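A.B. asks: kindly generate the corresponding structure for this input.
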Amino acid sequence: QIYFKLRRYQDAMVSVKEAIKIQPDNVNSRIGLGMIYLELDQHQEAIDSLNEALRIKPDHANTYLAFGFAYKKLGRYEEAITEYKEALRIRPDFSQARNQLSELEQKPLAERLAEEKLAREKLLLNEERKNLETLRLAEENNKRVAQEYSKLAEIEKKPEESVPADYKVKIWGEFLEKYKGSKPYAKKASKRLKYWSQLARLSPDERKLIPSINMVLVPSGCFMMGANNNFFNENEQPVHKVCLGSFHIDIYEVTQAEYEEVTGKKPSFFIGSDLPVEEVTWDDAKNYCAAVDKRLLTEAEWEYAARHKSPHKYYWGEEIGTNNANCNGCGSKWDNAKTAAVGSFEPNSLGIYDMAGNVWEWVSDWYDAGYYAKSPKQDPKGPPNGKAKSLRGGSWASIPNTLRITSRFRSYPNNKRNYRGFRCAK
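C.D. replies: Okay, here's the model as predicted:
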């Protein structure tokens, strides 16, 4: 009560909530909490607290008086009058309720309606002000989080000799603890923490075998490549057994920020640092991968990594579903409009993102519609020559059928489109 009189409402709330912990069914504490919420313009919370007081003690005059105050502040005068009358029914000598009731009932109707309207307008303005303030604080927080994330990402790039893996584990752990509610940075930081934690447990020689934080190992193995169903294209036939050695693959499609950092170029039609780079030729893709000591995937590697034990048409199931990828008919907000930021959808079972939709991905193979009939079983690299290069995965502009794991596409290697990008392997 002292804090309330001093208008230190947050302090008052702490005290009242502590009282409620000690005595949950104290009706006066519930009423007090409701009045504090009312002063803080948290109107729904105020009503909820008063309803709880009413549940504890249905015939408590002070509760109805508090409801009257709340409805009056909300500009709901008729409801306030009803609450004051109920308080007087329970306690006819309740002078505070009688005074409040008389004040409202004696007002001319036109004046009462005008005050109700003004009260409602004030509430709307206060709500808008709070929303704007919340938005401003969120924007400031996001900017602060982004700056700190970028700072740590720069530290992370420093070699092991100057910044050991243990220290990188420490800084990402502290970041995650501090900003665990800030998506998507918490999600990215969690992946980095996991990577550096795993790396810190390895010996220096073993660490050299791990190519990059944004790559995942695809274990060696065999699979059945292609599709025999007549519904699918003939270039996916026949189904044939392929065996591959292990390799690493980029978790994400190469982003515009990554491409610009290496090449100094910004070729993309859709602009965004975390969007996949597009409007690149096959040679552009090959040269970028070579510049970062990687390479393009083969068609067989791409399909093997995309499938990873999934028996279905798509890596998530038999149907395209809703919001599983970005395509023309995938049910996402980017459908048939533009590229999405890499990693916007759930990954496949290997943790690889966007192996369906967003942008078609250049692979290393020359395209040959009949290649599957003569493909070698072990590590096929595609035909020795040709006119067109192969692409896999479908794009934001593709129909769902082309997003199937086995679907194949081709284009002349010097063609650029805003729905073609790539990822690398090693």
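A.B. asks: how long is stretch 157-168 from one end to the other?
C.D. replies: Chord length of stretch 157-168, first to last residue, is 10 Å (Cα to Cα, to the nearest Å).
A.B. asks: and stretch 19-34, by the same measure?
C.D. replies: 14 Å.
A.B. asks: mean confidence score for that stretch?
C.D. replies: Here stretch 19-34 scores 92 as its mean pLDDT.
A.B. asks: could you do stretch 62-72 as well?
C.D. replies: 91.
A.B. asks: output that stretch in CSV with nothing but the alpha carbons.
C.D. replies: Extracted C-alpha coordinates of stretch 62-72, given in CSV (Å, rounded to 0.1, in the frame of the first residue of the first chain):
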residue,chain,number,x,y,z
ASN,A,62,-14.5,-4.2,-2.4
THR,A,63,-14.1,-6.5,-5.5
TYR,A,64,-17.2,-4.9,-7.2
LEU,A,65,-15.9,-1.4,-6.3
ALA,A,66,-12.6,-2.3,-7.9
PHE,A,67,-14.4,-3.6,-11.0
GLY,A,68,-16.3,-0.3,-11.1
PHE,A,69,-13.0,1.7,-11.1
ALA,A,70,-11.6,-0.5,-13.8
TYR,A,71,-14.7,-0.2,-16.1
LYS,A,72,-14.8,3.5,-15.5
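A.B. asks: got a list of contacts for stretch 326-339?
C.D. replies: 270, 272, 275-276, 278, 320-325, 340, 344-345, 354, 356-359, 394-400, 402-403, 418-419 (Cβ atoms under 8 Å, 6 or more residues apart in numbering). (Each C-beta comes from the backbone N, C-alpha and C, glycine too.)
A.B. asks: low-confidence bits of the stretch 101-250 of the chain, can you list those?
C.D. replies: For the stretch 101-250 of the chain, the stretches flagged by pLDDT under 70 are 112, 207-210, 230-232.
A.B. asks: so which residues of the stretch 251-400 of the chain form strands?
C.D. replies: 295-296, 360-366, 389-392 (DSSP state E, counting those that start in this stretch).
A.B. asks: now, of these, which is deepest in the fold?
C.D. replies: Comparing those by mean neighbour count (mean count of other Cβ atoms under 10 Å), strand 389-392 comes out on top with a mean of 26.
A.B. asks: just the pLDDT at the residue lying farthest from the centre of the chain, thanks.
C.D. replies: Here the centre of the chain is the reference, and by Cα atoms, centre = their mean the most remote residue is D93, at 58.1 Å. pLDDT, D93: 94.
A.B. asks: figure out the helix or strand that it lives in.
C.D. replies: For D93, there is no helix or strand it lies in under DSSP states H and E.
A.B. asks: nearest to the spatial middle of this protein, which residue is it?
C.D. replies: Centroid-nearest residue in the chain, with Cα atoms, centre = their mean: P184, separated by 5.5 Å.
A.B. asks: residues near the closest residue to that one other than its chain neighbours, how many?
C.D. replies: Leaving aside its chain neighbours, P184 sits nearest to G343 (7.9 Å; criterion: Cβ to Cβ, 6 or more residues apart in numbering). Counted with other Cβ atoms under 10 Å, residues neighbouring G343 total 21.
A.B. asks: now K158
C.D. replies: 12.
A.B. asks: which residues touch the residue lying closest to N418 once chain neighbours are set aside?
C.D. replies: Spatial nearest neighbour of N418, excluding adjacent residues (Cβ to Cβ, 6+ apart): F269 at 3.7 Å. Neighbouring residues of F269 by Cβ under 8 Å, 6+ apart: 278-279, 418.
A.B. asks: can you tell me the closest non-neighbouring residue to E79?
C.D. replies: Y71 (4.2 Å).
A.B. asks: sorry, wrong one. I was asking about G321.
C.D. replies: G321 sits nearest to G331 (Cβ to Cβ, 6+ apart), 7.3 Å away.
A.B. asks: which strands or helices does the helix or strand where Q147 lies pack on?
C.D. replies: If you go by DSSP H and E, Q147 is part of helix 109-156. Here helix 109-156 touches helix 77-90, helix 165-178, helix 185-200, going by 3 or more Cβ pairs under 8 Å, 6 or more residues apart in numbering; DSSP states H and E.
A.B. asks: which is the next helix or strand following the first one?
C.D. replies: Using DSSP H and E, the helix or strand that directly follows helix 77-90 along the chain is helix 95-105.
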